[in-house]
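**Student:** sequence and predicted structure below; questions after.
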Amino acid sequence: MTIEIDTDVLKDLDISADDFVYLYLLHAKAYDVIHLLKPDTEALQRKGLIKVGEEQEDNVVRQKFIDLIEDNFDRMWSELLSHFPIKVYNQGQVRVLRAADSNGRSNQKAKKAYQRVIGKNISKHKKIVQCLINELEFRKTNNQIGYMQMLQTWVNGHSWEKYEDVNVGRTEEQERRITRKL
């Protein structure tokens, strides 16, 4: 069994990698391997991630953790499309970036590529959606929305990575120290 661990999830939940693996295996009912781990079950229960039972097999993973590791891909795809523009205007011309129908044939290659990128990782999906929002805000404030890539190109090229750390709406002058002129 391969278990992918997103460090952002560890930070958000404030748990160790061992605790994450324990929760994951508990959810998968892999009791034969679980006894090798030494998780802090009391802390996990305080954080609302499990309900501790009499025996280790009686421990139950709460929905809060389940929502982080498995989600409906179609719902995530629809969320991405709800933010991604259908068309843009550039110098009086209209450019179509994606089909309006989320299940449209022209979106299928991009959908498969996106599924390969995120798998079932909802935190990675949320990060990508936030990067898309950053890119859209950046392009709107700099009057470059007309140069947005088509959906399939955007997904295949991992274009969201360029906008992970973009501070939209703040100019360089605002980030520097403000001093008064006399």
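**Tutor:** Ah, there it is.
**Student:** quick one: the helices in this structure?
**Tutor:** 7-13, 17-27, 31-34, 41-46, 63-69, 73-83, 108-118, 122-141, 151-156, 172-175 (DSSP state H).
**Student:** which residue ranges make up the domains of the protein?
**Tutor:** The chain breaks down by automatic domain parsing into domains covering 7-68, 71-172.
**Student:** okay if I get these as a markdown table plus mean pLDDT?
**Tutor:** Converted to a markdown table, these look like this (pLDDT from 0 to 100):
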| stretch | mean pLDDT |
| --- | --- |
| domain 7-68 | 86 |
| domain 71-172 | 88 |
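**Student:** closest one to Met1 among those domains?
**Tutor:** Of all those, domain 7-68 sits nearest to Met1, with 6.9 Å by C-beta to C-beta. In short, each C-beta sits where N, CA and C put it, glycine included.
**Student:** just how off-centre is that closest one within its chain?
**Tutor:** 21 Å (C-alpha atoms, centre = their mean, to the nearest Å).
**Student:** try stretch 154-164
**Tutor:** 13 Å.
**Student:** circling back to that earlier point, what's the closest of the helices of the chain to Gln93?
**Tutor:** The nearest among the helices of the chain, by C-beta to C-beta, is helix 122-141 at 16.4 Å.
**Student:** which helices and strands does the closest one pack with?
**Tutor:** Packing partners of helix 122-141 (3 or more C-beta pairs under 8 Å, 6 or more residues apart in numbering; DSSP states H and E): helix 7-13, helix 63-69, helix 73-83, helix 108-118.
**Student:** what residues of the first one count as buried?
**Tutor:** For helix 7-13, burial by neighbour count (16 or more other C-beta atoms under 10 Å) applies to 9, 13.
**Student:** looking at the helices of the chain, which is closest to Tyr89?
**Tutor:** Here helix 122-141 is closest among the helices of the chain (C-beta to C-beta), at 12.2 Å.
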